[in-house]
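Asks: Have a look at this prediction, sequence included:
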Amino acid sequence: MIKYHQEDFDYQALSRNNIDRLQLDMIPGQSHVLEIGCATGYMSEYLAKEKGCTVFGVESVQDQAEAARKRGLEVIIGTIDAHDTQDMITRHTKEHGLFQVIFMSQVIEHIADPAATLHTLKKWLGPGGCLVISTCNIVHWECRLQVLMGRWEYQDYGIMDRNHLRFFTIKSFRDLLEECDYICHDFAYSFQDICPFKILFDTRIMAPSDLLRLIPVVGMKMRRAYTDLFKNSLATQFVYKAVLHSDDEMTP
């Protein structure tokens, strides 16, 4: 079974709280994109067909890479921290030019040395280019509750995926980007609100954000203010759009 796969990826059907929609919105159309961890290529295909991007993919799982190739995408098989993979990307840039966007969705937490990888990415990013990178929030309220109850239980999917090697908060990940000479220009997050019914019965009913949006006229603004205020506990995944420090200094 392929773990990360969407046969019929429909951007329009995604909610505004979906991390894929949030991060795809950060990628300019007509861009030369490197997608690291492209899985079966469902987002690369969207970028190519709907936003006119030229996408070069990297995927570590052979079955997923083959599925991406069947979509007509150019994909190499390997891990981003492997020298042979890096050499193939460098050869691609020498032939086709540096990338305008490096897109890395839910990958950095699977890497043993994230800082080394973030430094490596800089050599493939062209002037004025950007890094769009997302990861999970380890201090989401469900994770906090687990630890409070004395549990640390890995799962097949999600924040506690058993294959995650590193864990981040919104702040710690921004700090990491800045330590690696990136400047964060944009930020977004998906959230799962705290809900007593969710805790007791695993059913989301009457969460605060659901109640707030029912208030006439100002409900959605109040809902957004609430989630922004408590995003450190409510966010499940988040994404930063960052540029290199040197590029930021040249911006008028």
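Replies: Cool, the structure landed.

Asks: By residue count, what's the longest strand in this structure?
Replies: In the chain, taking DSSP state E as the definition, the longest strand is strand 125-136.

Asks: For that one, buried residues please.
Replies: Buried residues in strand 125-136, counting neighbours by 16 or more other CB atoms under 10 Å, are found at 125, 126, 129, 130, 131, 132, 133, 134, 135, 136. C-beta coordinates here come from the backbone N, C-alpha and C atoms, glycine included.

Asks: okay, now residue 94: neighbour count?
Replies: By the measure other CB atoms under 10 Å, the count of residues near residue 94 is 9.

Asks: what ranges do the helices span in this structure?
Replies: For the chain, the helices defined by DSSP state H occupy 19-24, 42-51, 62-70, 83-96, 114-121, 141-148, 170-179, 196-201, 208-212, 219-229, 231-234, 245-250.

Asks: Tell me which of these sits nearest to residue 154.
Replies: Evaluated with CB to CB, these place helix 141-148 nearest to residue 154, the distance being 10.7 Å.

Asks: Check what contacts that closest one and list those residues.
Replies: 137, 152, 153, 159, 160, 192, 194, 199, 233, 234 (CB atoms under 8 Å, 6 or more residues apart in numbering).

Asks: and of the buried residues of strand 125-136, the nearest to residue 182?
Replies: residue 131 (6.3 Å).

Asks: if we can go back for a sec, can you put the buried residues of strand 125-136 in a markdown table and add distance to residue 118?
Replies: Formatted as a markdown table, the buried residues of strand 125-136 follow (distance: CB to CB, whole Å):
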| residue | distance to residue 118 |
| --- | --- |
| 125 | 11 |
| 126 | 17 |
| 129 | 14 |
| 130 | 13 |
| 131 | 8 |
| 132 | 13 |
| 133 | 8 |
| 134 | 14 |
| 135 | 12 |
| 136 | 17 |
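
Asks: deepest of the helices of the chain, which one?
Replies: helix 19-24 (a mean of 21; mean count of other CB atoms under 10 Å).

Asks: contacts for stretch 113-123?
Replies: Contacts of stretch 113-123 (CB under 8 Å, 6+ apart): 80-81, 86, 90, 102, 104, 108, 111, 131, 166, 176-177, 179-182, 244.
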